[in-house]
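Visitor: build me a structure from this.
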Amino acid sequence: MIYKNRNKHFTIRIHEGMHNKLRYIAKYEGRTMNHQIIYLIHHNILYFEQKYGSILTKKEKE
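Guide: I've put the predicted structure just below:
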């Protein structure tokens with residue numbers, strides 16, 4: 001069986017000052033910068049869905 005990585009990758013451009021602050025917060029919270037970004041995205045999705053309702057992915061719609 002071939003293992004398929006289900007994680008998606010993308011690159012963002014971010015202002016140096018914001019990058020430094022994000023790194024500071026991630027370190028303070030005991031996370032890597034990657035995990036901090038995932039944490040923030042996850043909480044933003046939860047907030048959006050609480051306000052506007054669930055978002056169905058393409059797979060869930062089928």
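Visitor: ok, longest helix in this structure?
Guide: Within the chain, and with DSSP state H defining each element, the longest helix by residue count is helix 33-52.
Visitor: what sits up against that helix?
Guide: 22-23, 25-26, 29, 31, 55 (CB atoms under 8 Å, 6 or more residues apart in numbering). Every C-beta, even on glycine, is put in place using the N, C-alpha and C of the backbone.
Visitor: so of those, which ones are in helices?
Guide: Those of the contacts of helix 33-52 lying in helices (DSSP H): 22-23, 25-26, 29.
Visitor: can you tell me which of these are buried?
Guide: Neighbour counting with 16 or more other CB atoms under 10 Å marks residue 26 as buried within the ones in helices among the contacts of helix 33-52.
Visitor: could I get the ones in helices among the contacts of helix 33-52 in TSV, plus columns for pLDDT and distance to residue 61?
Guide: Shown next, in TSV, are the ones in helices among the contacts of helix 33-52 (pLDDT from 0 to 100; distance: CB to CB, whole Å):
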residue	pLDDT	distance to residue 61
22	98	33
23	98	37
25	98	35
26	98	34
29	97	34
